[in-house]
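Asks: Return atomic coordinates for the entry below.
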Amino acid sequence: MENKPFPYKEVFPKALAALIEQLESFYGFAASYSSVSFLVAFGAVVGNTTLVRYYNNFIESCALFVVLIGKPSKGKSAPIKYALKFLLECDLGKYSTYKNEVKAYKENEARRKNGEEVEPMEYPTLKQRVLNDATMEAILACLYENPRGILLYHDELKGLFGTMNRYRAGSDTEILLSMWSHMPINVNRKGSDPIKINNPFCSIIGGTQPDVFKQMFTGTDNGLPDRFLFCAQLDNNIPEWTDKEVDSVLEEAVKSAFEKLDALPEIKGEDDNIVSNILDFTTEARALITEWRNGENHRLRLMDDTNESYVGSHAKMDMNALRFALILEMMYYAFGEGEGRAISVRAVEGAIKIVDYFKSQVELMHELVYKEDVRHLMTKEQSAVYDALPNGSFKTSDGIKIAASLGMGEWVLKRFLKNDKFFKKEGYGMNRKMFVED
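Replies: Sure, this is the predicted structure:
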């Protein structure tokens with residue numbers, strides 16, 4: 001299957017697209033890796049300051065869960081780190097402010113202990129947006145202290161999945177699902193007061209290898225894999241060194257764009273939560289995304305219901321489309337190509353193209369994961385029946401009896417047998433499984 005490139009030249013601001021092109025030519029960064037990394041980073045710098053509204057209660061943030069897939073040492077980390085450096089530079093100033101505030105707090109405490117009448121000060125909190133390889137406890141603590149939002153970066157995303165639910169069966173997964181959905185999180189802490197994070201904003205980005213991807217994203221029905229967007233470069237080569245440098249003017253333009261978004265006001269409301277600016281769609285943009293979404297919904301209804309996990313990933317794309325449109329609109333504003341007051345037709349058209357790219361990545365990775373063991377494409381009921389059926393040729397009538405013993409009806413089985421991904425017809429009333437486990 002052909003691996004479609006990310007359409008960065010069609011959807012990104014001109015300066016950013018030019019920089020991504022140079023990063024590929026001069027540094028060997030795969031353009032799709034760089035594009036997806038910048039998409040996540042720009043969404044993270046906006047955070048909870050700005051949300052998008054389709055209608056009254058249908059509101060989305062810029063948060064994205066992304067995994068870059070490639071063979072070992074094939075250049076996944078460098079594009080992520082390059083994109084995140086602009087976000088980290090924004091945080092550097094906040095760290096300097098934090099150190100000055102800590103110094104002032106300590107001086108104030110010293111004066112108070114010496115008997116001076118001074119106004120009490122709260123111990124300052126560090127404003128940071130990028131966390132590396134953090135535990136769930138650290139993630140939640142940082143989210144609480146940073147209501148604008150955070151970005152979680154795992155060089156090897158397997159590290160995040162490996163530590164999940166270790167001490168609390170299933171609860172870490174539920175927390176990540178709440179983060180993606182922008183739903184409140186209640187945290188009960190042993191020995192400390194409970195905390196509530198009303199509007200958690202957390203983007204996730206990291207890399208993994210194809211074989212590890214199979215372990216991470218199969219064998220689960222909790223819905224978390226459907227929230228992740230995939231960016232795969234399965235045949236990419238190790239980048240060659242060159243003596244060329246990217247245009248500093250382009251880098252400065254990108255840096256200024258991040259700084260402009262970093263300067264978006266953080267209006268504090270009740271319990272120090274961010275009061276978000278809400279962007280609506282223009283009339284034309286709303287009509288366009290409505291027509292697109294309804295077409296996608298119709299297509300999903302016609303898809304083969306045996307491809308449950310496949311459909312699950314595609315079914316989340318309408319919500320991701322809103323997120324992409326918001327990120328693009330804020331990027332256009334940051335680069336001086338838009339006003340950032342409403343979601344434009346340009347942003348919606350770009351979002352649809354990005355959705356098409358990520359849909360192609362779902363198809364690519366499903367082909368990689370499921371091309372041999374087709375049981376991963378089945379529902380649990382179908383997989384159980386499939387395993388119970390004979391490995392050689394079998395009669396449809398025998399299959400009906402076996403399926404009935406496992407609770408599957410006759411007509412459901414007959415429909416199941418018609419799927420040529422799972423079964424091969426060997427004559428009238430005779431069938432054979434396409435996959436037989438060794």
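
Asks: Can you identify the element that follows the lowest-mean-pLDDT helix or strand in the chain toward the C-terminus?
Replies: Across the helices and strands of the chain, mean confidence by mean pLDDT, DSSP states H and E is lowest for helix 308-315: a mean of 68. Remark: after helix 308-315, the chain's next helix or strand is helix 317-334, criterion DSSP states H and E.

Asks: mind saving the C-alpha coords of that following helix as CSV?
Replies: Taking Å, rounded to 0.1, in the frame of the first residue of the first chain, the C-alpha atoms of helix 317-334 are listed here in CSV:
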residue,chain,number,x,y,z
MET,A,317,-11.9,11.7,12.7
ASP,A,318,-14.8,14.2,12.8
MET,A,319,-13.7,15.4,16.3
ASN,A,320,-10.1,15.4,15.1
ALA,A,321,-11.2,17.5,12.1
LEU,A,322,-12.5,20.2,14.5
ARG,A,323,-9.2,20.1,16.3
PHE,A,324,-7.1,20.3,13.1
ALA,A,325,-9.2,23.3,11.9
LEU,A,326,-8.6,25.1,15.2
ILE,A,327,-4.9,24.5,15.1
LEU,A,328,-4.6,25.6,11.5
GLU,A,329,-6.7,28.8,12.1
MET,A,330,-4.4,29.7,15.1
MET,A,331,-1.3,28.9,13.0
TYR,A,332,-2.6,31.2,10.2
TYR,A,333,-3.1,33.9,12.9
ALA,A,334,0.3,33.4,14.3
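
Asks: and after it, which helix or strand comes next?
Replies: Next helix or strand after helix 317-334 toward the C-terminus (DSSP H and E): helix 345-370.

Asks: residue furthest from the geometric center of the protein?
Replies: Here the chain reaches farthest from its C-alpha mean at residue 115, the gap being 53.0 Å by CA atoms, centre = their mean.

Asks: Pull up the gap between that residue and residue 105, please.
Replies: When distance is defined by CB to CB, to the nearest Å, residue 115 is 18 Å away from residue 105. For every residue, glycine as well, the C-beta is placed using N, CA and C.

Asks: Next: residue 35.
Replies: Separation of residue 35 from residue 105 (CB to CB) stands at 42 Å.

Asks: Likewise for residue 352?
Replies: 50 Å.

Asks: now do residue 130
Replies: Distance from residue 130 to residue 105, by CB to CB: 24 Å.

Asks: Those two: which is more packed in?
Replies: Set side by side, residue 130 and residue 105 show more neighbours around residue 130, with 20 against 15, by other CB atoms under 10 Å.

Asks: Between the two ends of stretch 56-67, how far is it?
Replies: End-to-end distance for stretch 56-67, by CA to CA, to the nearest Å: 31 Å.

Asks: ok, now stretch 123-139?
Replies: For stretch 123-139, the end-to-end distance is 20 Å (CA to CA).

Asks: buried stuff in it?
Replies: 127-131, 134, 136, 139 (16 or more other CB atoms under 10 Å).

Asks: Residues touching it, excluding its own?
Replies: The contact list for stretch 123-139 (CB atoms under 8 Å, 6 or more residues apart in numbering) reads 44-45, 47, 84, 87-88, 90-91, 94-95, 97-98, 101-102, 105, 142, 145-146, 148-155, 159-160, 163-164, 172, 175, 202.

Asks: and it, how far out from the chain's middle?
Replies: On the basis of CA atoms, centre = their mean, to the nearest Å, stretch 123-139 sits 19 Å off its chain's mean C-alpha point.

Asks: pLDDT (mean, whole number) over it?
Replies: Taken as a whole, stretch 123-139 has a mean pLDDT of 85.

Asks: again, but for stretch 325-337
Replies: Mean pLDDT, computed over stretch 325-337, is 99.

Asks: which sections of the protein are below the confidence cut-off?
Replies: Where the chain drops to pLDDT under 70, the residues are 1, 162-170, 189-191, 218-221, 236-239, 303-310, 370-373, 376-377, 438.

Asks: residues contacting the most centrally placed residue in it?
Replies: In the chain, the residue lying closest to the centroid (CA atoms, centre = their mean) is residue 65, at 1.5 Å. By CB under 8 Å, 6+ apart, the contact list for residue 65 reads 176, 180, 203-204, 227-229.

Asks: out of those residues, who's nearest residue 327?
Replies: The shortest gap between residue 327 and any of the contacts of residue 65 belongs to residue 203, at 10.3 Å (CB to CB).

Asks: What helices and strands are in contact with the helix or strand hosting that closest one?
Replies: Here residue 203 is covered by strand 202-208, with elements defined by DSSP H and E. Applying 3 or more CB pairs under 8 Å, 6 or more residues apart in numbering; DSSP states H and E, we find strand 202-208 packed against helix 31-46, strand 65-70, helix 77-113, strand 150-156, helix 158-163.
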